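*Asks:* I would like the atomic coordinates for the input below:
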Amino acid sequence: MGKVLIVDDHPIVRMAIRFLVEKEGHTIVGETGDGAEALTLVDSLYPDIIILDIDILTLNGIEVVKLLREKSFPGIIIVISGKNTEFYSPRSAASGADGFISKKNNLPELVTAIKAAQSGYGYFPLKRFETQHAQQSMDDQERLSTLSPQEFQVFQHIIKGLENIKIANKMKISHKTVSTYKSRMMDKLGCKTQLDVFDFARRNNLE
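*Replies:* So this is what the prediction gives:
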């Protein structure tokens, strides 16, 4: 059994996770909804297992996973999200996570994912779509995969409603560089206007 750190900014979700993992005999050593605070808690609490959402404060879940692995964190990291599984599951795997679980319908699979990771296996099941929508989804996923990390970061800030100046401040780059990334991102996604970007995000459950 292991010591678990929960990183999610929704108290109800944290409560559900706590119920699931404690039922399996694990111990919750800490909870937070902030990515930067999660890194601090890891250094002080030494958890064996981290369960974290992608859409959290300060740093997103993918960034937290990358930073933890760069610091050689040896424990299990399971990413959870209510967003697009086909996009975020591979990104979670690439960042160094041990598993990905959809918060929408599959949260109880957390137990399975932890057991798989403890046995040395990754757990990254993909959501299955109706054939009619599969081609559209596949096309969009291919477009998303062409984005650089910086372009994807700009995409994330834009769909949250941030203007270029605020994005520049957050990313610590110039306003002109943001405009360049934004232009490239829109071109790669086939979006002519910012409204098209919002539609793309909504269509792929990336909001």
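
*Asks:* how many neighbours does Met15 have?
*Replies:* Using other C-beta atoms under 10 Å, Met15 has 13 other residues around it. (Glycine included, C-beta is placed from N, CA and C.)

*Asks:* The host helix or strand of it: what's the following helix or strand?
*Replies:* Per DSSP states H and E: Met15 is located in helix 11-23. Per DSSP H and E, the first helix or strand lying C-terminal to helix 11-23 is strand 27-32.

*Asks:* Please look at Asp48 and Ile77 and confirm they touch.
*Replies:* No. Taking contacts as C-beta atoms under 8 Å, Asp48 lies outside contact range of Ile77: 10.6 Å.

*Asks:* got the contact list for Leu68?
*Replies:* Leu39, Val42, Ile50, Ile77, Gly96 (C-beta atoms under 8 Å, 6 or more residues apart in numbering).

*Asks:* what's around Asp139, how many residues?
*Replies:* Neighbour tally, Asp139, other C-beta under 10 Å: 11.

*Asks:* counting contacts, what elements does the helix holding Met15 pack onto?
*Replies:* Judged by 3 or more C-beta pairs under 8 Å, 6 or more residues apart in numbering; DSSP states H and E, helix 11-23 is in contact with strand 3-7, strand 27-32, strand 49-53, helix 110-118.

*Asks:* List the buried residues in that helix.
*Replies:* Val13, Arg14, Ala16, Ile17, Arg18, Leu20, Val21 (16 or more other C-beta atoms under 10 Å).

*Asks:* Now, the contacts of Leu68 that are in helices?
*Replies:* Mapping those onto helices (DSSP state H) picks out Leu39, Val42.

*Asks:* Which of the contacts of Leu68 ranks first by neighbour count?
*Replies:* Greatest neighbour count in the contacts of Leu68, by other C-beta under 10 Å, goes to Ile50: 26 neighbours.

*Asks:* can you tell me which residues contact it?
*Replies:* So, once contact is read as C-beta under 8 Å, 6+ apart, Ile50 ends up touching Val4, Leu5, Val7, Ala38, Val42, Leu68, Phe73, Gly75, Ile76, Ile77, Ile78.

*Asks:* just Tyr46 next, same as before
*Replies:* So Tyr46 contacts Lys3 (C-beta under 8 Å, 6+ apart).

*Asks:* what about it, distance to Gly2?
*Replies:* Distance of Tyr46 to Gly2, computed by C-beta to C-beta, to the nearest Å: 11 Å.

*Asks:* How about the most centrally placed residue in the chain, nearest residue that isn't a chain neighbour?
*Replies:* Among the residues of the chain, the one closest to the centroid is Ile54, at 3.0 Å (C-alpha atoms, centre = their mean). What sits nearest to Ile54 in space, not counting adjacent residues and going by C-beta to C-beta, 6 or more residues apart in numbering, is Gly61, at 3.9 Å.

*Asks:* And the next helix or strand past the lowest-mean-pLDDT helix or strand in the chain?
*Replies:* Within the chain, no helix or strand scores below helix 131-145, which has a mean of 62 by mean pLDDT, DSSP states H and E. The helix or strand immediately downstream of helix 131-145 is helix 149-159, counting by DSSP H and E.
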